[in-house]
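> Requesting a structural model of the entry that follows:
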Amino acid sequence: MVDFEIRKGEDFMIRVTGMDKKRFMLNADHIEKIEEMPETIITLTNGKKYIVLESIEDVRNSVLEYKHKIFTYDI
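Model prediction:
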């Protein structure tokens, strides 16, 4: 499952795992599309692509949770 981090003063991002098993964070607001072929490929609005180990459903669910949290988060 992809997770996300919310801390005061920090960007709101989702955490994913690259094919090299290294964890990194992406700004979910910049995700343009998510594909599965069979790897999960995340394309950002700037055209940059990331291949991640998480399933397309896990990434989608994480983005939805992230969106829910930022709209209900008390800063």
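> how about the helices of this protein, start to end?
56-72 (DSSP state H).
> Okay, and the beta partners of the residue most central in space within it?
Residue closest to the mean C-alpha point of the chain, counted by C-alpha atoms, centre = their mean, is I14 at 3.9 Å. Residues in a beta bridge with I14, per DSSP bridges, are F4, L26.
> Could you measure from it over to P38?
21 Å (C-beta to C-beta, to the nearest Å). Where C-beta positions appear, they are placed from N, C-alpha and C, glycine not excepted.
> what do you get for S55?
Distance, S55 to P38, using C-beta to C-beta: 10 Å.
> Over to H68?
As for H68, its distance to P38 is 28 Å (criterion: C-beta to C-beta).
> Which one's more surrounded, these two?
In terms of neighbours (other C-beta atoms under 10 Å), H68 is the more surrounded of H68 and P38; the figures are 10 against 6.
> Share the number of residues neighbouring the residue nearest to L44 when sequence neighbours are not counted, please.
For L44, ignoring the flanking residues on the chain, the nearest one in space by C-beta to C-beta, 6 or more residues apart in numbering is H30 at 4.6 Å. H30 has 13 neighbours, counted by other C-beta under 10 Å.
> Might you report the residue contacts of T43?
I31, E32, K33, I34, E35, K49 (C-beta atoms under 8 Å, 6 or more residues apart in numbering).
> remind me which residues of this protein are low pLDDT?
1-11, 73-75 (pLDDT under 70).
> send the alpha carbons of stretch 49-69 over as CSV?
The C-alpha trace of stretch 49-69 is given here as CSV (Å, rounded to 0.1, in the frame of the first residue of the first chain):
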residue,chain,number,x,y,z
LYS,A,49,7.5,9.1,-15.8
TYR,A,50,8.1,6.9,-12.8
ILE,A,51,7.9,3.1,-12.7
VAL,A,52,6.8,1.9,-9.3
LEU,A,53,6.3,-1.4,-7.5
GLU,A,54,2.9,-0.5,-6.1
SER,A,55,-0.2,-1.6,-8.0
ILE,A,56,-2.3,0.9,-9.9
GLU,A,57,-5.1,0.4,-7.4
ASP,A,58,-2.7,1.2,-4.5
VAL,A,59,-1.5,4.4,-6.1
ARG,A,60,-5.0,5.5,-7.0
ASN,A,61,-6.2,4.8,-3.4
SER,A,62,-3.3,6.7,-2.0
VAL,A,63,-4.0,9.7,-4.2
LEU,A,64,-7.7,9.6,-3.1
GLU,A,65,-6.7,9.4,0.6
TYR,A,66,-4.2,12.2,0.1
LYS,A,67,-6.9,14.4,-1.5
HIS,A,68,-9.3,13.6,1.3
LYS,A,69,-6.7,14.5,3.9
